[in-house]
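fold the following and give me the result.
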Amino acid sequence: QVQLAESGGGLVQAGDSLRLSCAASGRALSDLYMAWFRQAPGKEREFVTSISWRGVSTYYADSVKGRFTISRDNAKNMVYLQLDKLKPEDTAVYYCAATQSRTVLDFRASGVYDSWGQGTQVTVSS
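Numbers count the residues shown, from 1 in each chain. This is a model prediction of the structure:
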């Protein structure tokens with residue numbers, strides 16, 4: 001069973017940066033397609049970014065493109081999300097997600113992912 005644990009959230013000011021980490025266990029990270037989602041108060045969980053098994057392909061929501069960067073280190077079983085130029089609208093709980101499927105057709109759909117972390121809070125003040 002895959003277990004995911006996020007860390008690195010916090011309270012920052014607009015324009016600041018944060019680096020979120022996701023530690024994976026229970027299966028080799030190279031077997032997992034990974035993503036980050038976020039959920040703001042009163043809103044549905046939304047796709048942020050995803051990364052393919054070897055990190056060759058990455059995808060971003062339009063709202064974070066050019067500001068956020070996803071990466072992975074399969075040797076360390078770690079996935080990272082670098083958040084730059086943060087805005088108040090980035091405030092949310094950020095979740096790490098994984099799927100063991102070898103075919104991911106709709107990486108933006110939360111239902112694709114079968115393992116989730118507990119989330120880490122990111123709060124951006126104006």
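
for the spatially most central residue of the chain, which non-adjacent residue is closest in space?
Closest residue to the average C-alpha location of the chain: residue 36 at 2.1 Å, with CA atoms, centre = their mean. Nearest-residue entry for residue 36: residue 48, 4.4 Å, with adjacent residues in sequence omitted and distances by CB to CB, 6 or more residues apart in numbering. To be clear about C-beta, it is placed using only N, CA and C from the backbone, and glycine gets the same treatment.

and the contacts of the host helix or strand of that neighbour?
Residue 48 is part of strand 46-51, with elements assigned from DSSP states H and E. Outside of strand 46-51, the residues that reach it under the criterion CB atoms under 8 Å, 6 or more residues apart in numbering are 33-39, 57-61, 64, 68, 70-72, 79, 81, 94, 104, 107-110.

can you rerun that using 7 Å?
33-38, 58-61, 64, 68, 70, 72, 81, 107-108 (CB atoms under 7 Å, 6 or more residues apart in numbering).

one step back: next, count neighbours for the residue nearest to residue 36.
Other residues within reach of residue 48, judged by other CB atoms under 10 Å, total 25.
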